[in-house]
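Trainee: could you look at this predicted model? Sequence included:
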Amino acid sequence: MNTIERYVDRIMRESTPDKPLWNIEKIHQGKINGWNYIDGCMMIALLNLHKITGDQKYYDFAENFLDYYVFEDGSLRGFKEEDYNLDNICEGRVLFDVYRMSGKEKYRKAIETLYGQLQRQPRTTEGNFWHKAIYPNQVWLDGLYMAQVFYTKYTSEMDGGQEYADIHRQFRNVREHMYDPATGLYRHGYDASGAAFWAGPDGCSQNPWLRSLGWFSAALIDVTAEILPGNEDFRKDMVSIAQELAENLLPYIDKDSGMLWQVPNQVGREGNYPETSGSAMVAYFYLKGARLGILDKSYAPVGEGIFQSICDRYLTETNGKLNLGGICLVAGLGPENNRRRDGSYEYYISEPVVENDAKGLAPFLMCYTELLLSKEDASV
């Protein structure tokens, strides 16, 4: 068994559905675990491992985990639609595979529960989903990964792609409003009303944040991969946005660390650091994009280099236990009663840095499965 699979075994062995080792936020907060995107990221990674390796233990763990959170009527433990929280949609994308493989009707019902939220999700004047009810009129890059991959899977598998125009419009709006021509990157958040305390004259927050760029890049690749044939205008535009971002991210890969930094356009500034979760998502973006032909094949070694740099810098072993470090615990914008989260450089570097959180571990494993796939393809 190689190092990474040994690490995953340890994480699964020390986790239960109610107390997963990878959900550091809940551990720090002392809160009871409910349906959430952090677990969702880990389930995505584990099901990817099952698909690529064929090892049943990954599927069995994931289904046992999901079984705890999905009730027979399709309701979800701890889920409240009225929160209109896009984060809660993320884990829904794994339900399609688990429903197919288990045949359990409750998983299909849970898919409809989450789709029901999207049907009623409040929107900005431009038509984008609000990030959460507590963030009115706000679009965060994070939300494109949290909701749009599930939304695309749903419409591709359930209604022949009828919602593609809506999904396309939401990505195009992000390109039009959140892209910063000065850096070639995207700002973390956009408030269509301009009312948020962190919003500048253009409605955007002042800085790019690496993990939000990672979420967005992964969303571009994952959504494009789900588009059914015959929808070339949608796919062509998504490929164009992805290719532009791929090129624009290259200068921000630090030559010394081989990674991208927490505030990516300020490499080397005091307090800034090479950050694992966003770097791993960008690596995944490059690896999967190159494999599927969405990006040029020359990006594959770029992604592999970032992944190897993460391993070299942050994958360590202490007392026989492997740990993945360099992971920003959490970052966000507001709400109004939390003005510390103002999108400033000082804010982003102030958040805790932790080990083994799924926001870093899951994309790290997704890179690993992409590398396994590339080796498999090369041997054919």
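Mentor: Now that the structure is in, tell me what you want to look at. Predicted model only: the values in this text are computed from it and were never measured.
Trainee: what's the closest non-adjacent residue to residue 26?
Mentor: Nearest residue to residue 26, sequence neighbours excluded (CB to CB, 6 or more residues apart in numbering): residue 33, at 5.2 Å. C-betas here are computed from N, CA, C, even on glycine.
Trainee: what about residue 245, how many residues nearby?
Mentor: The burial count assigned to residue 245 is 22, neighbours taken as other CB atoms under 10 Å.
Trainee: check which helix or strand it maps to.
Mentor: Using DSSP states H and E, residue 245 sits in helix 232-249.
Trainee: buried stuff in that helix?
Mentor: Buried residues in helix 232-249, counting neighbours by 16 or more other CB atoms under 10 Å, are found at 234-235, 238-239, 241-243, 245-246, 248-249.
Trainee: want to throw those into JSON lines with pLDDT?
Mentor: What follows is the buried residues of helix 232-249, written out as JSON lines (pLDDT from 0 to 100):
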{"residue": "234", "pLDDT": "98"}
{"residue": "235", "pLDDT": "98"}
{"residue": "238", "pLDDT": "98"}
{"residue": "239", "pLDDT": "98"}
{"residue": "241", "pLDDT": "98"}
{"residue": "242", "pLDDT": "98"}
{"residue": "243", "pLDDT": "98"}
{"residue": "245", "pLDDT": "98"}
{"residue": "246", "pLDDT": "98"}
{"residue": "248", "pLDDT": "98"}
{"residue": "249", "pLDDT": "98"}
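Trainee: identify, from those, the entry nearest to residue 88.
Mentor: residue 238 (24.2 Å; CB to CB).
Trainee: pretty sure the closest one sits against residue 227.
Mentor: Yes: between residue 238 and residue 227 there is a contact under CB atoms under 8 Å: 7.2 Å.
Trainee: ok, of the buried residues of helix 232-249, which one's closest to residue 174?
Mentor: Set against residue 174, the nearest of the buried residues of helix 232-249 by CB to CB is residue 241 (8.6 Å).
Trainee: doesn't residue 223 make contact with the closest one?
Mentor: No: taking CB under 8 Å as the definition, residue 241 is not a contact partner of residue 223, at 10.3 Å.
Trainee: what is in contact with the two at once?
Mentor: Taking CB atoms under 8 Å, 6 or more residues apart in numbering as the criterion, residue 241 and residue 223 both touch residue 171.
Trainee: can you name the next helix or strand after the host helix or strand of residue 311?
Mentor: Taking DSSP H and E as the criterion, residue 311 maps to helix 300-314. Counting by DSSP H and E, the next helix or strand C-terminal to helix 300-314 is strand 315-318.
Trainee: partner strands of that following strand, with direction?
Mentor: If you go by DSSP bridges, strand 315-318 pairs up with strand 321-324 (antiparallel).
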